[in-house]
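Q: missing the sequence, but the structure's below:
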Ligand SMILES: O=C(O)[C@H](O)[C@H](O)COP(=O)(O)O
Ligand SMILES: [Mg+2]
C-alpha cells in the first residue's frame, strides 16, 4: 500500500506577543492579505475593535487586501456597501463571497442548460449573484406560491429544476425543506451549498450556520452537497483568475479552523493568522496545531496587529 505522505510538518501555532518588531517582521513577509469577514472584521453589524485602523495601516504599507467570506446572505455589491457604511473603501472586485463563487460555478463550470432553473434555500446574496450570472431561480426570499401547510400537494420531482442551492437562510422552514427534498429525490438534480459552516458568529454568540441549513437535506437524502465556499479552492481559483496572487507572499486571516485556516493551508499560502473574535477558541487552535492543521500565528483580535 502506498505510504501515506505525511503532511509537511508545521510548527505549533504561535501567539504574536504584540512587540512591535515581531509584528512588523510578520507583516513584512506578505504583500497580500486575504481577510475572512464574520468573526474577524465584524460580528453581524458590529465592527470589531480597531479594524478600520488596522486595514488602513496595512494599505499604507502597500499591502493588497482581498475579502473572502463564506457568508452568502449578501452579494459582493451589498458587501461593498456594508464596508462603505463602516468607512472602509472596498471595491466589489476585492470581495469574494460564497454566493458569487457558487453562481459562477453553476454558470461557467457546470454550465446549467437553457430552460433549467435552480431552487434556493437562502437569502438575497444568492439570488442577486444568480441574477448577475443570468441563472433562473425560485424559492429563496420569494413566496412559494401556496400556503406552507399545503406543501404536501406541491412538493416532489420537477423536470425544470437542475439544482438545489442552499446557504444561510434565517427564515428556513419545513415547506422550503420539503420542496428541496422533493427535487433532490431525482439523483440528476445537483445539490450545491454555498458553504458548510456549522455555526454563525454574531452578537457575541454562535447561531445556526449555513451548514445547519443544508444538513437536514443530507439527513433526508443521504447526499452531501458540493460546496464552493472556504475551504474549497473554488474561491482561491476565482481570486487567482482576478489577481496575479503570489501565494508565497500571501496570508489568510480567519476565525475558523475548518474553513479559513484550512483554506489557506490547502491553498499553499505562505501564512495563516487566526483571531479569537469568532468561532475557534485558543485551545482548539493549539489542538489543531498538534495535528499540523493549525494557523502559523494567532491573536486575540485583528486590531492587535497595530502593536
Ligand atoms: O453560517 C455561515 O454562513 C457562516 O458562519 C458565516 O457567514 C461565515 O462567514 P465568514 O466568516 O466566512 O465571513
Ligand atoms: Mg469568519
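A: In hand now; what should we look at? Small disclaimer: the values here were computed from a predicted structure and weren't measured. Numbering: from 1, shown residues only. Ligands and ions are numbered 1, 2, ... in the order given.
Q: what residue is smack in the middle of this protein?
A: Here the mean C-alpha position of the chain is nearest to the C-alpha of residue 70 (C-alpha atoms, centre = their mean), at a distance of 1.5 Å.
Q: who touches that residue in this structure?
A: 36, 38, 97, 98, 194, 195, 197, 210, 229, 230, 259 (C-beta atoms under 8 Å, 6 or more residues apart in numbering). Heads up, the C-betas are built off the backbone N, CA and C, glycines and all.
Q: tell me which of those fall in helices.
A: Here DSSP state H is the test, and those give 98, 210 as lying in helices.
Q: ok, and of the contacts of residue 70, which contact ligand 1?
A: Intersecting the contacts of residue 70 with the contacts of ligand 1 gives 36, 38, 195, 197, 210 (criterion: C-beta under 6 Å from any ligand atom).
Q: farthest pair within the residues you listed?
A: Among the ones next to ligand 1 among the contacts of residue 70, the pair separated by the greatest distance (C-beta to C-beta) is 36 and 210, at 14.1 Å.
Q: would you mind listing what in the protein touches ligand 2?
A: Residues of the chain found near ligand 2 (C-beta under 5 Å from the ion) are 36, 38, 39, 255, 278.
Q: Throw the residues you listed into a markdown table and include distance to residue 140, thanks.
A: Converted to a markdown table, these look like this (distance: C-beta to C-beta, whole Å):
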| residue | distance to residue 140 |
| --- | --- |
| 36 | 24 |
| 38 | 20 |
| 39 | 25 |
| 255 | 27 |
| 278 | 26 |
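Q: need the contact list for the closest residue to ligand 2 within the chain.
A: Closest to ligand 2 within the chain is residue 39: 3.7 Å, counting by C-beta to the ion. Counting by C-beta under 8 Å, 6+ apart, residue 39 touches 201, 254, 255, 256, 275, 277, 278, 279.
Q: now, which of these lie within strands?
A: 201, 254, 275 (DSSP state E).
Q: out of these, which is most surrounded?
A: residue 254 (30 neighbours; other C-beta atoms under 10 Å).
Q: please list all residues in contact with that one.
A: Per C-beta under 8 Å, 6+ apart, neighbours of residue 254: 36, 39-40, 230, 260-261, 263-264, 272-275, 278, 295.
Q: ok, now with 7 Å
A: 36, 40, 260, 261, 274 (C-beta atoms under 7 Å, 6 or more residues apart in numbering).
Q: return the member of the residues you listed nearest to residue 79.
A: residue 36 (12.4 Å).
Q: and the strands in the stretch 101-250 of the chain?
A: If DSSP state E, counting those that start in this stretch is used as the criterion, the strands of the stretch 101-250 of the chain fall at 117-121, 137-139, 161-166, 190-193, 199-202, 205-208, 226-227, 250-254.
Q: contacting residues for the closest residue in space to residue 87 that isn't next to it in sequence?
A: Nearest non-adjacent residue to residue 87, counting by C-beta to C-beta, 6 or more residues apart in numbering: residue 52, 5.9 Å away. By C-beta under 7 Å, 6+ apart, the contact set of residue 52 is 86, 87, 88.
Q: ok, and the closest non-adjacent residue to the first one?
A: Meaning residue 86. residue 47 (5.3 Å).
Q: now the one you found: phi and psi?
A: Per-residue torsions, residue 47: phi -70, psi 140 (degrees, to the nearest 10).
Q: so it makes contact with residue 87?
A: No. Using C-beta atoms under 7 Å as the test, residue 47 is too far from residue 87 to be in contact (9.1 Å).
Q: which pLDDT value belongs to the residue in the stretch 151-300 of the chain that ligand 1 sits nearest to?
A: Ligand 1 sits closest to residue 209 of the stretch 151-300 of the chain, with a gap of 2.8 Å, by C-beta to the nearest ligand atom. Among the per-residue scores, residue 209 holds a pLDDT of 98.
Q: isn't it right up against residue 200?
A: Yes. Using C-beta under 7 Å, residue 209 is in contact with residue 200, at 4.3 Å.
Q: give the residues shared as contacts by the two.
A: Common contact partners of residue 209 and residue 200 (C-beta under 7 Å, 6+ apart): residue 168.
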